[in-house]
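Q: Fold the following for me, if possible:
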Amino acid sequence: MDQKDEIEELEASLEALAEELDKNIVKGQVLESQVNEKVLIINSLEADVSRERKLVKSLFSEIQTLKDALKAYETTGMELAKVQEANKRMEMELVQLETNLIEMETLVESRTCELLEVRKELEMSQAPAEENEAIATESKQVVECYCFVFT
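A: As a prediction, the model looks like this:
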């Protein structure tokens, strides 16, 4: 092979390499475009992950708030039960006090009736006592008169 053939062969080889280079450049550009698309997708996914993390933190915070609220509700429920129990005891005490007051009222009424009867009896016995006192005074005067006369 002569030099001309070699040059032609080298030119053909160079042309083939140039075509292959062009194809590889196009492939590189396609791959670069795909990589850029993947980078955009990754950036978007990272942004989504960041939002999801914030959401998860927010949800954990909300869960803790709900747990605290539940605990407060349970505590309030226990306190309410204690208050209700105290109210029941107070109601029972009020019923007992009411019963005692009724008994006292009955006793006062009974004592009032007894007092009225005693007053009536006193008034009735007072008249004879005044009569007896008048008789005694009169008898004393008579005795004094007799004593005066006999002395």
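Q: Which of the helices or strands spans the residue minimising distance to the centre of the chain?
A: For the chain, the residue sitting closest to the mean C-alpha position, by Cα atoms, centre = their mean, is residue 76 at 3.2 Å. Per DSSP states H and E: residue 76 is located in helix 3-150.
Q: mean confidence for that helix?
A: Averaging pLDDT along helix 3-150 yields 91.
Q: That helix: how far from the chain's middle?
A: Here helix 3-150 is found 1 Å from its chain centre; the criterion is Cα atoms, centre = their mean, to the nearest Å.
Q: Kindly provide the distance from residue 36 to residue 73.
A: 54 Å (Cβ to Cβ, to the nearest Å). Placement of C-beta: from N, CA and C, glycine included.
Q: can you check residue 54 too?
A: If you go by Cβ to Cβ, the gap between residue 54 and residue 73 works out to 28 Å.
Q: what's the answer for residue 66, then?
A: Residue 66 is 10 Å from residue 73, by Cβ to Cβ.
Q: what's the answer for residue 137, then?
A: 90 Å.
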